[in-house]
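With the sequence up front, the predicted model follows.
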Amino acid sequence: MVSLAAFLTQLILHPGSLTLLILYGAAGVWRHLYLGYSLVGGLQASLFTVLLYILALAAIHVLSGDHSGRFQARRLGLPATRVALILNLILYGFLWLILLDRHQRLGYLASPPLLQHVPGWEAYQSFTQGSLVQTLTVIPGWSSSMVSSMFLLLPFLVLMPVFILLICGVRPGGFGLSGGDIKPALPFLGIFGAAFVLSGLSLSRLGLLLLTYVYTGFQEGVFYRGVIQPLLVRTSQSAVWGISLAAILYGLAYLPHFLFRTQLAVPLAFAEAAGTMLFGAFLGYGVHRSGMLWPWMLIHAVSHLVAW
C-alpha cells in the first residue's frame, strides 16, 4: 500500500505526468467551449477521464513488478542511445511527411503530394497498392486502404527502427516481443475483449481485428513503445518522462488524421490527439511494467474496433 501511495504521488506530481494532464485538460476544455458547453463541464469531463486512467495505471502497478529491464534499449551506453534516438526521431519526422502525403493523395488535403519528387517514392507507392495488396483484400474485413497503409508504413514503424537498435547493440531477443509478465494486462484484455464480443462477432470483424492488430497494434507498438519509449527512458533517466514523451509523440502523429480527415476543426482535433496521448501513456506504462509488448498490442487493436 505504501508503494501504491508513493506511485500515485509521483504520478500526480511528476512534471512529465503534469504535462500530459495539462495538455489533456486544456484540449478538453477547448473542445467543450468550441461546442458551446460550459467551462465547468469541460473540466468535469476531463477530470473524470483522468481519474479512470489513474485507476488503470494503479491496477497495472499493483499487478506487476518492474520488468522494464527486458528492453535492452534501456541498457545501451548513452552515446549509442543518443544515436539511436536521433535516428528514430528523424524517422518520426519523415512519418509525419508520409502521413501528410497520404492525406493529400486520398484527397483530404487539396495540395500536391509532399513526397512526389522524392526519388523512388512513386514506385514504392505503386508497390504498396499493387497486386499483393489486392490479393490480401480477399480476407474478410481487409480493406485495400488499410492494407496499403500497413505496407507503406511497415519499413518506417518496424523494419528501420529495429535495424537501428540492432546496429546500436540490442540483441534480437531484447525487444519485449516475448516473455515478461502478462498479469497486468489480463484485466484490460478481459474488459476490451468482452466489449468486442458484445458488439457483435462475425468473420469480417475477426478479420478486421487481425488486420488492426498487425497494422495498428503491432507496428505502432514496436515503434512507440518498443523502440522510442525505452530510448527516451534511458536518455532522460526517468520512466515517467520517457513514457510521457513517447505518449506525446504518439498522440501528435495522429493529429493529421484528426485534423484533416475525421474532426475538421482544430479544437476537436487537438482534443482527440490529447486523448490519444493519454491512451498511449496507459499502453506505455503497461509495456514498461510488464516488459512485454504483444498483450498491449492486442488491447490497442481491440480498443480501436470497440471505439469504431
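Structure received.

which stretches of the stretch 151-300 of the chain form helices?
Per DSSP state H, counting those that start in this stretch, the stretch 151-300 of the chain carries helices over the ranges 160-167, 186-198, 203-212, 219-220, 229-236, 239-253, 255-257, 266-290, 294-307.

For the ones you listed, give me TSV that also has mean neighbour count.
Backbone N, C-alpha and C define where each C-beta goes, glycine included. Shown next, in TSV, are the helices of the stretch 151-300 of the chain (neighbours: other CB atoms under 10 Å):
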stretch	mean neighbour count
helix 160-167	18
helix 186-198	14
helix 203-212	17
helix 219-220	22
helix 229-236	25
helix 239-253	23
helix 255-257	19
helix 266-290	24
helix 294-307	21
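
so can I have CSV of the ones you listed showing distance to Asp66 and mean pLDDT?
Formatted as CSV, the helices of the stretch 151-300 of the chain follow (distance: least, CB to CB, whole Å; pLDDT from 0 to 100):
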stretch, distance to Asp66, mean pLDDT
helix 160-167, 21, 96
helix 186-198, 18, 94
helix 203-212, 30, 92
helix 219-220, 23, 96
helix 229-236, 11, 95
helix 239-253, 8, 96
helix 255-257, 32, 90
helix 266-290, 6, 95
helix 294-307, 16, 92
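
Any idea which of those gets closest to Leu51?
helix 266-290 (11.5 Å; CB to CB).

rewinding a little: how about JSON lines for the helices of the stretch 151-300 of the chain, with distance to Gln10 added?
Listed next are the helices of the stretch 151-300 of the chain as JSON lines, based on distance: least, CB to CB, whole Å:
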{"stretch": "helix 160-167", "distance to Gln10": "28"}
{"stretch": "helix 186-198", "distance to Gln10": "22"}
{"stretch": "helix 203-212", "distance to Gln10": "33"}
{"stretch": "helix 219-220", "distance to Gln10": "27"}
{"stretch": "helix 229-236", "distance to Gln10": "14"}
{"stretch": "helix 239-253", "distance to Gln10": "7"}
{"stretch": "helix 255-257", "distance to Gln10": "29"}
{"stretch": "helix 266-290", "distance to Gln10": "12"}
{"stretch": "helix 294-307", "distance to Gln10": "21"}
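
Can you check which of these gets nearest to Arg102?
That would be helix 255-257 among the helices of the stretch 151-300 of the chain, by CB to CB, at 8.3 Å.

Now do that closest one: which elements does it pack against?
Applying 3 or more CB pairs under 8 Å, 6 or more residues apart in numbering; DSSP states H and E, one finds that helix 255-257 contacts helix 78-105, helix 266-290.

Need those in CSV (columns: distance to Ser143).
Formatted as CSV, the helices and strands packed on helix 255-257 follow (distance: least, CB to CB, whole Å):
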stretch, distance to Ser143
helix 78-105, 14
helix 266-290, 22
